[in-house]
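In: Only the shape, not the letters, is given here:
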């Protein structure tokens with residue numbers, strides 16, 4: 001039920017402050033040439049708040065200047081201290097994110113409040129979000145609604161999104177998904193990617209209205225095209241689903257790559273799996289291995305388990321059961337259920353580790369309460385195990401299974417667990 005804090009606003013001409021007769025790019029865009037950027041710098045150095053705001057934004061992204069978030073914050077602060085509301089709001093956004101400055105919700109609250117008191121919509125919505133979350137001030141849903149509504153009266157997408165969140169989460173108001181849906185529609189219509197992503201979620205689940213996958217995809221795409229990471233990952237799941245009516249491996253690959261470009265480890269693991277299987281892309285085990293390693297280095301447990309699987313079966317790497325056990329353990333210690341089962345299997349058979357029934361039983365039991373459980377999830381992970389498990393353990397073979405026919409991985413998994421439990425003596429308390 002977490003809600004993303006609204007991003008710092010784009011530069012605006014509201015509260016223009018000091019100005020100059022010299023040419024300056026329009027307030028709604030960055031300089032489009034080195035000449036415009038240099039002119040902007042000169043004006044900023046002479047105290048033009050509009051130019052200072054633009055310079056701050058340019059430094060944050062390295063646009064015609066060196067990438068320097070700290071310098072960006074300095075430029076924002078110069079204009080904010082002169083009472084320029086857009087700069088106050090932008091500076092507050094930096095304090096919320098800790099980008100270019102030390103994160104400080106108290107300072108964020110102070111600057112959002114100053115901007116809001118001038119009637120600047122981004123300041124009002126930012127202040128509302130701090131009241132809603134309780135960051136930098138005491139949590140107060142009534143105050144949050146007040147400031148969100150003030151912003152919404154100016155057709156602020158962030159203010160409308162804030163109201164939607166209050167209704168969706170039942171914060172300070174009775175939970176009302178239909179009202180939330182209505183406000184999300186307004187916010188998404190005014191260009192808020194987070195609202196469009198939430199609409200996608202609601203159309204998938206049917207909350208606040210009717211289930212409609214086509215509408216969900218439409219809103220997810222709108223959010224994804226604006227760089228919304230959750231929407232991009234939702235599109236990957238929808239387009240790659242085995243039974244999805246809109247299954248499209250090419251689209252799944254496209255949005256997975258977009259998510260990976262944002263540094264998302266889960267998406268990187270998914271992209272690795274696509275390269276390993278040749279899903280929507282030419283099979284490339286070397287690329288898969290590299291992506292799995294990158295995702296694992298970021299702490300992704302599934303990627304660690306996938307590395308364990310590759311080393312166990314020698315897929316794209318020399319077979320190495322000790323290396324396999326190492327990666328399975330890393331994933332298992334992070335609560336990844338399939339890795340716990342794989343580790344239990346290895347301890348029960350002595351593959352890559354010293355045979356230890358007690359240790360096997362420990363990991364098998366640990367899996368019972370893991371947060372990754374579920375037939376579909378286990379099926380995906382154990383697909384590549386099933387053939388090998390059945391070959392090495394004929395007792396796992398299904399009735400009526402023909403030679404060369406792939407086994408049902410879920411049934412293999414059930415039989416493997418039963419076999420492990422039967423092979424392990426119970427504790428003194430009689431539990432097994």
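Out: Now that the structure is in, tell me what you want to look at. This is a predicted model, so every value here is computed, not measured.
In: So what's the residue count around the nearest residue to residue 289 once chain neighbours are set aside?
Out: Distances taken as Cβ to Cβ, 6 or more residues apart in numbering put residue 316 closest to residue 289, at 5.2 Å, once the chain neighbours are dropped. Heads up, the C-betas are built off the backbone N, CA and C, glycines and all. By the other Cβ atoms under 10 Å criterion, the neighbourhood of residue 316 contains 18 residues.
In: Tell me who's in contact with residue 316.
Out: Listed by Cβ atoms under 8 Å, 6 or more residues apart in numbering, the contact set of residue 316 reads 276, 285-286, 288-289, 310.
In: can you tell me how far residue 298 sits from residue 206?
Out: As for residue 298, its distance to residue 206 is 34 Å (criterion: Cβ to Cβ, to the nearest Å).
In: shaky segments in the stretch 151-300 of the chain?
Out: Residues of the stretch 151-300 of the chain meeting the criterion pLDDT under 70: none.
In: Okay, helices next: where are they in it?
Out: Using DSSP state H, counting those that start in this stretch, the helices of the stretch 151-300 of the chain run over residues 157-169, 177-189, 193-205, 213-225, 229-240, 249-261, 265-277, 285-297.
In: got JSON lines for those helices, with mean neighbour count too?
Out: What follows is these, written out as JSON lines (neighbours: other Cβ atoms under 10 Å):
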{"stretch": "helix 157-169", "mean neighbour count": "26"}
{"stretch": "helix 177-189", "mean neighbour count": "20"}
{"stretch": "helix 193-205", "mean neighbour count": "24"}
{"stretch": "helix 213-225", "mean neighbour count": "20"}
{"stretch": "helix 229-240", "mean neighbour count": "23"}
{"stretch": "helix 249-261", "mean neighbour count": "20"}
{"stretch": "helix 265-277", "mean neighbour count": "23"}
{"stretch": "helix 285-297", "mean neighbour count": "19"}
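In: Residue 323 touches residue 311, doesn't it?
Out: Yes. When contacts are counted by Cβ atoms under 8 Å, residue 323 is listed as touching residue 311 (4.4 Å).
In: Which residue of those two possesses the greater neighbour count?
Out: Using other Cβ under 10 Å, the more surrounded residue of residue 323 and residue 311 is residue 311, with 24 against 17.
In: Nearest residue to the more buried one in space, please, no chain neighbours.
Out: Here the residue nearest residue 311, using Cβ to Cβ, 6+ apart, is residue 324, at 3.9 Å.
In: buried stuff in stretch 319-337?
Out: Neighbour-count burial for stretch 319-337 flags 321, 323-332, 334, 336-337 (criterion: 16 or more other Cβ atoms under 10 Å).
In: Can I get those residues in JSON lines including distance to residue 357, secondary structure and pLDDT?
Out: As requested, the buried residues of stretch 319-337 are exported to JSON lines (distance: Cβ to Cβ, whole Å; DSSP: H, G, I helix; E, B strand; the rest coil; pLDDT from 0 to 100):
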{"residue": "321", "distance to residue 357": "18", "secondary structure": "helix", "pLDDT": "93"}
{"residue": "323", "distance to residue 357": "23", "secondary structure": "helix", "pLDDT": "97"}
{"residue": "324", "distance to residue 357": "19", "secondary structure": "helix", "pLDDT": "94"}
{"residue": "325", "distance to residue 357": "16", "secondary structure": "helix", "pLDDT": "96"}
{"residue": "326", "distance to residue 357": "21", "secondary structure": "helix", "pLDDT": "97"}
{"residue": "327", "distance to residue 357": "22", "secondary structure": "helix", "pLDDT": "97"}
{"residue": "328", "distance to residue 357": "17", "secondary structure": "helix", "pLDDT": "94"}
{"residue": "329", "distance to residue 357": "17", "secondary structure": "helix", "pLDDT": "96"}
{"residue": "330", "distance to residue 357": "22", "secondary structure": "helix", "pLDDT": "97"}
{"residue": "331", "distance to residue 357": "21", "secondary structure": "helix", "pLDDT": "95"}
{"residue": "332", "distance to residue 357": "17", "secondary structure": "helix", "pLDDT": "93"}
{"residue": "334", "distance to residue 357": "24", "secondary structure": "coil", "pLDDT": "94"}
{"residue": "336", "distance to residue 357": "22", "secondary structure": "coil", "pLDDT": "90"}
{"residue": "337", "distance to residue 357": "20", "secondary structure": "helix", "pLDDT": "86"}
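In: Residue 361: helix or strand, and which one exactly?
Out: Using DSSP states H and E, residue 361 sits within helix 357-366.
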